[in-house]
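Novice: sequence plus predicted model, see below.
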Amino acid sequence: MNATAARLTALGRAELTLLARNRNNLFVALLMPVLMIFLLRSSLSGTDDLPMGVAEATVVGGTGMVLVLVVYMNLVATYVARREELVLKRLRTGEARDTEILAGAALPASVIALVQCAILTALGPAVLDASAPRRPDLLLAGVVAGILLLVGLAAVTTVITRSVESAGLTTLPFFLVSAMGSGLMVPTEALPDAVAPVAELLPLSGVMELVRAGWLGVGQVGGKELLGAGLTTVAWIVLSVFAVQKWFRWEPRR
């Protein structure tokens, strides 16, 4: 256990150093979520039929934005870069297991996402005039589950991502689908009745339901919906792990 922790710490420290040297990735990880949250608040301010307040919709959607931008989009570029530089291949010849290599590379982004979500939770009531989270335990569960899911989905997305430059294109469909269908920019209650059942099955929808329950309370979400959200999230995590084990590439295509 100590050896595993030491390897993860070493891999995470090395990845953090590389992240600090990459201005583009650093901007996406640190500043882009802040800009998107204020853009989200501005766009929601003109909506009249929100099932919750603008401030609450902003903090719920903002949490999702942090997860997608910091974890998913950042990690796809990171994994591809390490693959193309043969870093992943070299690491596999050492003592670190495959899961440790992927987890170590994801450690800095995951910690940054947790810190940003914590800052949003602490400052949301003061800066955005939102109510305090009614169920912090569910909010934390949603954020942690979201990180686990998005790390797996990021690794899966590298299968169709040939270069770091193309990462912006291969991650865009998931970002757009999640933004419009999973409750990041458009609350799920505002979706048409014909679309809502399909949207509930999207990868990030269960996570966002947990996050929303954390902010608004179980009474605003419903126990049945919360159970379905948890099961959907677990199912997508299991599928992503299976896909990584089966299709993840450790070496560049030649």
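Specialist: Yes, it's here.
Novice: return the helix or strand in this structure with minimum mean pLDDT.
Specialist: One helix or strand of the chain scores below all others by mean pLDDT, DSSP states H and E: helix 218-221, with a mean of 66.
Novice: check which element follows that one along the chain.
Specialist: Where DSSP states H and E defines the elements, the next helix or strand beyond helix 218-221 is helix 223-247.
Novice: all strands of the stretch 1-150 of the chain, in order?
Specialist: Read by DSSP state E, counting those that start in this stretch, the stretch 1-150 of the chain holds no strands at all.
Novice: show me where pLDDT drops low in it?
Specialist: Within the stretch 1-150 of the chain, the stretches with pLDDT under 70 are 1, 25-30, 32, 41-53.
Novice: now the helices for it?
Specialist: In the stretch 1-150 of the chain, the segments counted as helices under DSSP state H, counting those that start in this stretch are 2-21, 23-30, 32-44, 54-66, 74-84, 87-91, 98-127, 136-157.
Novice: in stretch 155-175, what's buried?
Specialist: Across stretch 155-175, burial judged by 16 or more other Cβ atoms under 10 Å covers Ala155, Val156, Thr157, Thr158, Thr161, Val164, Ala167, Thr170, Thr171, Phe174, Phe175. In this view, the C-beta of every residue, glycine as well, is placed from N, C-alpha and C.
Novice: wait, doesn't the second one sit right on Phe242?
Specialist: To tie it back to what came earlier, the one meant is Val156. No. The pair Val156 / Phe242 is not scored as a contact, 9.5 Å apart, by Cβ atoms under 8 Å.
Novice: how about the helices of the stretch 1-150 of the chain in CSV, adding distance to Leu184?
Specialist: Below are the helices of the stretch 1-150 of the chain laid out as CSV (distance: least, Cβ to Cβ, whole Å):
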stretch, distance to Leu184
helix 2-21, 24
helix 23-30, 16
helix 32-44, 8
helix 54-66, 4
helix 74-84, 16
helix 87-91, 30
helix 98-127, 13
helix 136-157, 11
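Novice: buried deepest among those, which one?
Specialist: When these are scored by mean count of other Cβ atoms under 10 Å, the highest mean neighbour count falls to helix 54-66 (a mean of 26).
Novice: the most centrally placed residue in the chain: what's it in contact with?
Specialist: Centroid-nearest residue in the chain, with Cα atoms, centre = their mean: Leu67, separated by 2.9 Å. For Leu67, the contact set (Cβ atoms under 8 Å, 6 or more residues apart in numbering) comprises Ala113, Cys117, Val143, Gly146, Ile147, Leu150, Leu204, Val207.
Novice: tell me the two of those residues that are most distant?
Specialist: Farthest-apart pair in these is Cys117 and Leu204; separation 14.4 Å (Cβ to Cβ).
Novice: of the helices of the stretch 1-150 of the chain, which is nearest Ala194?
Specialist: Using Cβ to Cβ, the nearest of these to Ala194 is helix 54-66, at 22.3 Å.
Novice: tell me the helices and strands packed up against the closest one.
Specialist: Using 3 or more Cβ pairs under 8 Å, 6 or more residues apart in numbering; DSSP states H and E as the contact criterion, the elements in contact with helix 54-66 are helix 32-44, helix 98-127, helix 136-157, helix 205-216.
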